[in-house]
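Asker: Sequence plus the predicted model coming up.
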Number of protein chains: 2
Amino acid sequence: MTYRVFNFAPGPAMLPAPVMARVREQFLDFRGLGVSIVEISHRSREFEALLAETDVLLRELMGLPAQYHVLYCHGGAAMQFAAVPLNLMGRVPSRSADYFDTGNFAARAIEEGRRYGTVNVVASSADTGHDRIPHHDAADLNPDAAYVYIASNNTIYGTQWHRFPETNDVPLVSDATSDILSRVIDITRFGVVFAGVQKNLGSAGMAVVIVREDLIGHAAPHTPNLLNYQTYFKDHSLTNTPNTFSIYTTQLTLEWLSEQGGVAAIEQVNRKKADRLYGVIDHSGFYRGFAQPEHRSISNVTFGLPTAGLLARFLEEAGDNGLYALKGHRALGGVRASIYNAMPLEGVEALAGFMEEFERRNG
Amino acid sequence: MTYRVFNFAPGPAMLPAPVMARVREQFLDFRGLGVSIVEISHRSREFEALLAETDVLLRELMGLPAQYHVLYCHGGAAMQFAAVPLNLMGRVPSRSADYFDTGNFAARAIEEGRRYGTVNVVASSADTGHDRIPHHDAADLNPDAAYVYIASNNTIYGTQWHRFPETNDVPLVSDATSDILSRVIDITRFGVVFAGVQKNLGSAGMAVVIVREDLIGHAAPHTPNLLNYQTYFKDHSLTNTPNTFSIYTTQLTLEWLSEQGGVAAIEQVNRKKADRLYGVIDHSGFYRGFAQPEHRSISNVTFGLPTAGLLARFLEEAGDNGLYALKGHRALGGVRASIYNAMPLEGVEALAGFMEEFERRNG
């Protein structure tokens, strides 16, 4: 596979090059039907087969036990900011939940959670600008909470949970949008893991929600039908027309991941990619890594340059060198390299080489 | 354009052949970026330009006055079954709304509406199997209702509103999923017109919502952020990652429609297509049209055959002749030909010819 451009966009992000080639090749003729995947009914035999294949692949890759179900939900991760409290808050009399504030998306989940119950912010990284996963004592967690909520990787700041909080009988809920399938996790530690698909799975506009069976069926009465986990569960996510193209691209990406050897294999590649970039940062007196080393993300590498002028020049020259979309989020500035599963080692190598060369010329 | 297959699927439905060719052609390289439309940030300059173009095209094609806004909402039309009452019910002290029950999707909207207020079913076509738009007297409408709700075209049954109810100061809300942009409407008759995109606009998983400005900002407190019209309005539908591929395919379809001469021009073609099929039905003692003639849809033509055996043979032979997805909805059976904007006259001609020939052999 030859790349014209290495795409470091944070999401929507690059999809595996063979997946993209496949979509293009099949675009006018899905599985010999003579029509496109975007032109067939979600109730057709062919689409139902595709959905079933997606399920099987995801279950295998994540090692899901039978009591975990996969839902394909409308609206991306941000819709889950409401769906999670709507489905889970009512499980406990107090209607309260524990949240960790580790950045922008966690904060939005907190704000939305407050609409539906009492949100207790257990710990926040706000006072250090979200450069780390904040410390907490097990005693800070409410044993009667409906759930404990984390964002397992913080896309904007480049921090990541490496040891998940011990929540005992309280279900742990994770927004894994930016690290789902990038590393092995023990799903039995979680009650719900959800992810907007646009980083590690497929085209945007949908969330994959993995939910433990006992957490289904407790939605508040005012829950919109299409935010209710029970609805998706009983209709196998076909209550109404789903985002069929997203499911299709997800299926292809999962197939590709399986061919790469699965999650454990890609995790090794991902760690190598992250190590290469953090290595450049740590051996440099020029680049400044943003995240505290022990909380660094393997999905998003964030760093600054000495001056605004150098940053602008870095981004411009990177673009000229086919290194696309490295500009940091407006909340943080600097550079952000998003290196999800689809980013090949050679892309990271190209960026690392460029960084070293840019430092030599400007450092 | 040569067609291998004519696709009569009810939705997801065929998109214009030139649009499909364009998507395929640009799929690996959107506007010279070297990356795909599905791989770029929704906050990139390029995507924001695409969204702005989509707006301009839609406003022009529908002739939207300044007080109407276009929102690109997650979840398709069925999500609007909740969004409409959540956004509008609270405008009146009675929290009530008037609904017309004209089939499956209207019934689902009624069920969802009941979650959020009092739903008054003004008239129903259920007692005649939804073969018509039911009669109502103007006096049946509640002048204090929050809104009056209709489904302007009933995809499953093949019926369509040809004269909209007179609602005076009460906003008229229309689910136009299966006839948006297929005929000229006077938008000023409506408070809200929404449509899932997967029939006349683009790839599935999104709804276009056209809403009059004074109806924005009245959402109930428990409205999920991503069902609140105010959210989409203030963030120009970019609160979170939208269904970017759907917006892209919508933009291309609108461009195509504009090249066809716009809505008035395509309406003429659509009427010609529908007349051709209804003509075959009316001149036949073999096919039985389902919808009452004065309520026939120009989007979906529904009819039955004398026996189940003949129906099965019809569908099989049609498939062998490249006429795809003609099977009626399970609620009604029979044949349904969905002939949205993208279906060319030659596709309808091929179907009409097949129907005549099949009748000669089997009638």
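Answerer: Yep, it's here.

Asker: Give me the pLDDT for the residue nearest to residue A:31 when sequence neighbours are not counted.
Answerer: Once flanking residues are discounted, residue A:31 sits nearest to residue A:46: 5.9 Å by CB to CB, 6 or more residues apart in numbering or on different chains. In short, each C-beta sits where N, CA and C put it, glycine included. On pLDDT, residue A:46 comes in at 97.

Asker: who's in contact with residue A:46?
Answerer: By CB atoms under 8 Å, 6 or more residues apart in numbering or on different chains, the contact list for residue A:46 reads A:30, A:31, A:33, A:40.

Asker: Please apply the same query to residue A:110.
Answerer: By CB under 8 Å, 6+ apart, the contact list for residue A:110 reads A:99, A:101, A:119, A:121.

Asker: Am I right that the second one is in contact with residue A:125?
Answerer: Yes. Counting by CB atoms under 8 Å, residue A:101 sits close enough to residue A:125 to count as a contact (6.8 Å).

Asker: Pull up the gap between the spatially most central residue of chain A and chain B, please.
Answerer: A centroid search over chain A (CA atoms, centre = their mean) returns residue A:177, at 1.8 Å, as the residue closest to the centre. Distance of residue A:177 to chain B, computed by CB to the nearest CB, to the nearest Å: 9 Å.

Asker: quick one, strands of the stretch 151-300 of chain A?
Answerer: Using DSSP state E, counting those that start in this stretch, the strands of the stretch 151-300 of chain A run over A:153-154, A:159-160, A:172-175, A:192-196, A:206-212, A:288-289, A:300-304.

Asker: Highest mean neighbour count out of those?
Answerer: Compared across the strands of the stretch 151-300 of chain A, strand A:153-154 shows the largest average neighbour count, a mean of 29 (mean count of other CB atoms under 10 Å in any protein chain shown).

Asker: Who are the packing partners of that strand?
Answerer: With contacts taken as 3 or more CB pairs under 8 Å, 6 or more residues apart in numbering or on different chains; DSSP states H and E, strand A:153-154 sits against helix A:104-113, strand A:159-160.

Asker: pLDDT of that strand, averaged?
Answerer: Strand A:153-154 shows an average pLDDT of 98 in the prediction.

Asker: Give the pairing partners of it; include direction for each.
Answerer: Applying DSSP bridges, strand A:153-154 is found paired with strand A:159-160 (antiparallel).

Asker: for chain A, what are the low-confidence residue spans?
Answerer: Residue ranges of chain A with pLDDT under 70: A:1.

Asker: Tell me how it divides into domains.
Answerer: Listed domain ranges for chain A are A:18-259, A:261-362 (source: automatic domain parsing).

Asker: out of the ones you listed, deepest packed?
Answerer: The most buried one of the domains of chain A (mean count of other CB under 10 Å) is domain A:18-259, showing a mean of 21.

Asker: quick revisit: phi, psi of the residue nearest to the centre of chain A?
Answerer: With angles defined as degrees, to the nearest 10, residue A:177 sits at phi -50, psi -40.

Asker: hang on, isn't it packed against residue A:201?
Answerer: No. In this structure, residue A:177 is not within contact of residue A:201 by CB under 8 Å, at 9.4 Å.

Asker: shared neighbours of those two, anything?
Answerer: By the contact definition CB under 8 Å, 6+ apart, residue A:177 and residue A:201 are jointly contacted by residue A:195.

Asker: okay, and the common contacts of residue A:101 and residue A:125?
Answerer: Common neighbours of residue A:101 and residue A:125 (CB under 8 Å, 6+ apart) are residue A:134.

Asker: Run through who's touching stretch A:18-27.
Answerer: Applying CB under 8 Å, 6+ apart, the contact partners of stretch A:18-27 are A:1, A:36-37, A:248-249, A:252-253, A:256, A:342, B:20, B:23-24, B:27-28, B:36, B:39.

Asker: For the contacts of residue A:110, work out which two are farthest apart.
Answerer: Comparing every pair within the contacts of residue A:110 by CB to CB identifies A:101 and A:119 as the most remote, at 9.8 Å.

Asker: sorry, back to before: between the contacts of residue A:46, which sits nearest residue A:301?
Answerer: Taking CB to CB as the measure, residue A:30 is the one of those closest to residue A:301, at 36.9 Å.

Asker: which ones are touching the closest one?
Answerer: By CB under 8 Å, 6+ apart, the contact list for residue A:30 reads A:36, A:37, A:40, A:46.

Asker: before we move on, back to that, export the helices and strands packed on strand A:153-154 to a markdown table and tack on distance to residue B:106?
Answerer: Below are the helices and strands packed on strand A:153-154 laid out as a markdown table (distance: least, CB to CB, whole Å):
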| stretch | distance to residue B:106 |
| --- | --- |
| helix A:104-113 | 30 |
| strand A:159-160 | 47 |
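
Asker: Three-state assignment for residue A:351, please.
Answerer: What DSSP: H, G, I helix; E, B strand; the rest coil gives for residue A:351 is helix.

Asker: ok, it touching residue A:324?
Answerer: No. Residue A:351 is beyond contact range of residue A:324, at 10.5 Å (criterion: CB under 8 Å).

Asker: Find residues that contact each of the two.
Answerer: A:6, A:8.

Asker: that older thread, how close does the residue nearest to residue A:31 sit to chain B?
Answerer: Using CB to the nearest CB, we find residue A:46 at a distance of 11 Å from chain B.

Asker: next SSE after the helix or strand that contains that residue?
Answerer: Assigned by DSSP states H and E, residue A:46 belongs to helix A:45-62. Counting by DSSP H and E, the next helix or strand C-terminal to helix A:45-62 is strand A:68-74.

Asker: Chain B contacts on the stretch 251-363 of chain A?
Answerer: Contacts of the stretch 251-363 of chain A with chain B, taken as CB under 8 Å from any CB of the partner chain, map to A:322, A:324, A:325.

Asker: which ones are touching residue A:143?
Answerer: Counting by CB under 8 Å, 6+ apart, residue A:143 makes contact with A:168, A:169, A:170.

Asker: do that again at 10 Å, thanks
Answerer: A:98, A:167, A:168, A:169, A:170 (CB atoms under 10 Å, 6 or more residues apart in numbering or on different chains).

Asker: Run through those residues and flag the ones next to chain B.
Answerer: Among the contacts of residue A:143, no residue is within reach of chain B (CB under 10 Å from any CB of the partner chain).
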